[in-house]
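*Asks:* quick one: sequence plus predicted model below, questions after.
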Amino acid sequence: MSNVFELEHVSKTYVNEGKEFEALKDVNLSVKEGEIFGIIGMSGAGKSTLVRTLNRLEKVNEGSVKFYDRDLADLKPSELRNVRHSISMIFQSFNLVNQRSVIDNVMQPLRIAKVPRKERNKIALEMLKVVGLEEKKNAFPARLSGGQRQRVAIARALASDPKVLLCDEATSALDPKITAEILDLLKEINKDRKLTIVIITHEMAVVEKICDRVAIIDDGRLEEVGEVKEVFRNPKSKAARKLVFPSNPYDPSKPESRLIRIVFDGLAASEPFIASLVEKTGKKVNILSANTKSVGGIGYGQMVLELPESGEDQKIIIDFFKEGGLSVSEVTRE
Amino acid sequence: MSEYIVDAIKMGILETIEMTFFSALISYILGLPLGVVLYATSKGRLLENKPVNLVLGTIVNILRSLPFLILLVLLIPFTRLVTGSSIGTVASIVPLTVGTIPIVARMVESSLCEVSPGIIEAATAMGASPLYTILHFILPEATPSLLLGGAINVATVLGYSAMAGVIGGGGLGAIALQYGYYRYQKEVLWTTVTLLVIMVMLIQEAGELIAKKKRKI
């Protein structure tokens, strides 16, 4: 499989009022054809800058960004505009032209690509059908809900028949239910049209729901890249742990207690293993946080447990979990 | 009021409309592109170009800072060159247009600045050229604001046209000045002023109505 994007030693520095700000520091990354690739980080981590280097809305100071082996920096302005027909983008704030109807908005990229008028109309209608909004074609964006506006933006993004779709916090302005609908739609488009998707987000839930691989970015640096399942099970970097671990567990009964995080996959999720623990070993744990979710179609869950004081008891408990096929990691508090 | 004055006022209304209409029209034909260029060449915009922006911006600022009455006098030779005369309705159109172009340009510039940067970013990401982005994204999105600005500009031209009476231009302003002010005919003064006020209000209302109809938000 060939790489859609290949980033090598990418650095980007902004100069603002004489002060330098390093938004990206030596980022190396590749996006494979057909995958949904997530880039996750806190606000200000540099993820929006990173995604904008992919269609050269941001120039890089160092390193190279290649799209199907072509360095974007080598392209003439007109060549770059042509390449951009293959790299569509959707945004957090939708960015539709409010004074133009839905269908006019969707036809816009076709007009830019000089597709004949009759065909433009046909393709735009087709795209609106894909996103389920063909009956709204003559409405104006202001009359639509946030979710519908993002659907129009997706239809507009698909119209030029791109090879890749960049999503910049595309669901961050939407409520959880609409977010899920939009993500399902993106997944469907990814499958049906073999469209590579790059998703920028600050929400782990988005990554867990649809991404195949994820890159974790913190303070302009790429901290970790890997399969979502693997990163979820065994986050290596501090930034990844911060994103993956539950954000608000209960406080332990004693502040110095040892805390562990156990992760179970589809197989173990159906087992009542806390009950088994008590039954078989007689040791008790305090559950501080627990949740289960579907990651890539497989049930995943995690718990944060407070262990009893005795080191011996702790070992018995951890051994019990490990024997049961659960992954166990320490939780350090800040 | 004598019949003679009533006829003069009727004539004045027509002349005022004529001056206002043609001055506003020509100043938009020239001021709109100028405003677009001022917008597009300013810092951080699509066609950032410091020298062009500086030169045009300075000319516009100078023209705007001149009191209109002074501009009227300064432009007399130029007006004579263009229309062959420096007095009358047609001659007034020249200084009115010159005085209004910079105002239109700045108004257009500020309307375009209101367009969300996100829309411009989306256009760029789609592979639109700067010119295409201006014509098909920025201008349509700014239309309601441009129309509101248009109403204000036309009303301003109307006000200026009254001033043209001072140097021999026609219209209601000239009548107010000659009969109302120089000859102390208070009723003529008040009649013409009232008519001017009504005309400004009509323009403003019409502009707002059209803008409201056009606005899709």
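*Replies:* Received, thanks. Because the structure is predicted, anything quoted here is derived from the model rather than measured.

*Asks:* from here on, just use CA atoms for contacts and neighbour counts.
*Replies:* OK.

*Asks:* which helix is the longest one in chain B?
*Replies:* The longest helix of chain B (DSSP state H) is helix B:3-41.

*Asks:* neighbours around the residue in chain B that chain A sits nearest to, how many?
*Replies:* Closest residue of chain B to chain A, Cα to the nearest Cα: B:Gly127 (4.1 Å). Counted with other Cα atoms under 10 Å in any protein chain shown, the neighbours of B:Gly127 add up to 26.

*Asks:* surely it is in a helix?
*Replies:* No: applying DSSP: H, G, I helix; E, B strand; the rest coil, one finds B:Gly127 to be coil, outside a helix.

*Asks:* rewinding a little: how far away from the center of its chain is the longest helix of chain B?
*Replies:* 7 Å (Cα atoms, centre = their mean, to the nearest Å).

*Asks:* for that helix, which positions count as buried?
*Replies:* Buried residues in helix B:3-41, counted by 16 or more other Cα atoms under 10 Å in any protein chain shown: B:9, B:12-13, B:15-24, B:26-28, B:30-32, B:34-41.

*Asks:* what is it packed up against?
*Replies:* Packing contacts for helix B:3-41, counted by 3 or more Cα pairs under 8 Å, 6 or more residues apart in numbering or on different chains; DSSP states H and E, involve helix B:50-65, helix B:89-113, helix B:139-163, helix B:171-175.

*Asks:* now those as TSV including mean neighbour count?
*Replies:* Converted to TSV, the helices and strands packed on helix B:3-41 look like this (neighbours: other Cα atoms under 10 Å in any protein chain shown):
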stretch	mean neighbour count
helix B:50-65	14
helix B:89-113	24
helix B:139-163	22
helix B:171-175	28
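
*Asks:* thought the residue of chain B closest to chain A was touching A:Pro77?
*Replies:* No: look at B:Gly127 against A:Pro77 with Cα atoms under 8 Å: they stay out of range, at 9.5 Å.

*Asks:* can you pull the contacts of residue 32?
*Replies:* You didn't pick a chain, so chain A it is. A:Met1, A:Ser2, A:Asn3, A:Val4, A:Phe5, A:Thr196 (Cα atoms under 8 Å, 6 or more residues apart in numbering or on different chains).

*Asks:* that's the other chain; I wanted chain B
*Replies:* B:Val104, B:Ala105, B:Val108.

*Asks:* could you dump the residues you listed into JSON lines and include pLDDT and distance to A:Leu259?
*Replies:* Conversion of those to JSON lines gives the following (pLDDT from 0 to 100; distance: Cα to Cα, whole Å):
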{"residue": "B:Val104", "pLDDT": "97", "distance to A:Leu259": "68"}
{"residue": "B:Ala105", "pLDDT": "97", "distance to A:Leu259": "66"}
{"residue": "B:Val108", "pLDDT": "97", "distance to A:Leu259": "63"}
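
*Asks:* what subset of the contacts of A:Lys32 is buried?
*Replies:* A:Val4, A:Phe5, A:Thr196.

*Asks:* those residues in strands, which ones?
*Replies:* Of the positions in these, A:Val4, A:Phe5, A:Thr196 sit in strands, assigned by DSSP state E.

*Asks:* quickly list what the last one is bridged to.
*Replies:* Spelled out, that is A:Thr196. Partner residues in beta bridges with A:Thr196, using DSSP bridges, are A:Val164.

*Asks:* contact partners for the residue in chain A positioned nearest to chain B?
*Replies:* Nearest residue of chain A to chain B, counting by Cα to the nearest Cα: A:Arg81, 4.1 Å away. Counting by Cα under 8 Å, 6+ apart, A:Arg81 makes contact with B:Met126, B:Gly127, B:Ala128, B:Ser129.

*Asks:* and what of B:Ala122?
*Replies:* With contacts defined as Cα under 8 Å, 6+ apart, B:Ala122 is in contact with A:Met89, A:Ile90, A:Asn95.

*Asks:* and those residues as TSV, adding distance to chain B, neighbour count and secondary structure?
*Replies:* Formatted as TSV, those follow (distance: Cα to the nearest Cα, whole Å; neighbours: other Cα atoms under 10 Å in any protein chain shown; DSSP: H, G, I helix; E, B strand; the rest coil):
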residue	distance to chain B	neighbour count	secondary structure
A:Met89	7	31	strand
A:Ile90	8	26	strand
A:Asn95	5	20	coil
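
*Asks:* where are the low-confidence patches of chain B?
*Replies:* Within chain B, the stretches with pLDDT under 70 are B:217.

*Asks:* the closest residue to A:Asn98 other than its chain neighbours: neighbour count?
*Replies:* What sits nearest to A:Asn98 in space, not counting adjacent residues and going by Cα to Cα, 6 or more residues apart in numbering or on different chains, is A:Pro141, at 5.5 Å. By the measure other Cα under 10 Å, the count of residues near A:Pro141 is 26.

*Asks:* does A:Pro141 really touch A:Val102, like I thought?
*Replies:* Yes: if you go by Cα under 8 Å, A:Pro141 and A:Val102 touch, sitting 6.3 Å apart.

*Asks:* any chance of the contacts of B:Ala122 in TSV, plus distance to B:Val115?
*Replies:* Putting the contacts of B:Ala122 into TSV (distance: Cα to Cα, whole Å) gives the following:
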residue	distance to B:Val115
A:Met89	19
A:Ile90	18
A:Asn95	11
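
*Asks:* quick revisit: quickly note the distance from the closest residue to the residue of chain B closest to chain A other than its chain neighbours to B:Gly150.
*Replies:* Nearest non-adjacent residue to B:Gly127, counting by Cα to Cα, 6+ apart: A:Arg81, 4.1 Å away. Relative to B:Gly150, A:Arg81 is positioned 34 Å away (Cα to Cα, to the nearest Å).

*Asks:* A:Ile216: which element?
*Replies:* Using DSSP states H and E, A:Ile216 falls within strand A:213-218.

*Asks:* quick one: distance of that strand to the chain centre.
*Replies:* 8 Å.

*Asks:* Provide the secondary structure category for A:Pro80.
*Replies:* No, residue A:80 isn't Pro; it's Leu. Using three-state DSSP, the secondary structure recorded for A:Leu80 is helix.

*Asks:* need the contact list for it.
*Replies:* Contacts for A:Leu80 (Cα under 8 Å, 6+ apart) come out as A:Leu72, B:Gly127.

*Asks:* still on that earlier bit, so which of the helices and strands packed on helix B:3-41 gets nearest A:Glu119?
*Replies:* Judged by Cα to Cα, the one of those that comes nearest to A:Glu119 is helix B:139-163, at 22.9 Å.

*Asks:* the closest one near chain A anywhere?
*Replies:* Yes: Helix B:139-163 reaches chain A (Cα under 8 Å from any Cα of the partner chain) through B:Pro140, B:Glu141, B:Thr143.

*Asks:* quick one: the strands in chain A, in order.
*Replies:* A:3-16, A:19-32, A:36-40, A:62-67, A:70-71, A:87-91, A:164-168, A:196-201, A:213-218, A:221-227, A:259-264, A:286-295, A:298-306, A:327-331.

*Asks:* what is the fourth one packed up against?
*Replies:* Translated: strand A:62-67. strand A:3-16, helix A:47-54.

*Asks:* ditto for the shortest one
*Replies:* Helices and strands touching strand A:70-71, by 3+ Cα pairs under 8 Å, 6+ apart: there are none.

*Asks:* how about residue 8: what's its closest non-neighbour residue?
*Replies:* I went with chain A, as the question did not name one. Closest to A:Glu8 by Cα to Cα, 6+ apart is A:Asn28, at 4.7 Å.

*Asks:* meant chain B actually
*Replies:* Per Cα to Cα, 6+ apart, closest to B:Ala8 is B:Ile175, 7.5 Å.

*Asks:* report the central residue of chain A.
*Replies:* The C-alpha lying nearest the average C-alpha coordinate of chain A belongs to A:Gly38 (Cα atoms, centre = their mean; 3.3 Å).

*Asks:* tell me who's in contact with that one.
*Replies:* Neighbouring residues of A:Gly38 by Cα under 8 Å, 6+ apart: A:Val198, A:Ile199, A:Ile200, A:Thr201, A:Val207, A:Cys211, A:Asp212, A:Arg213, A:Val214, A:Ala215.
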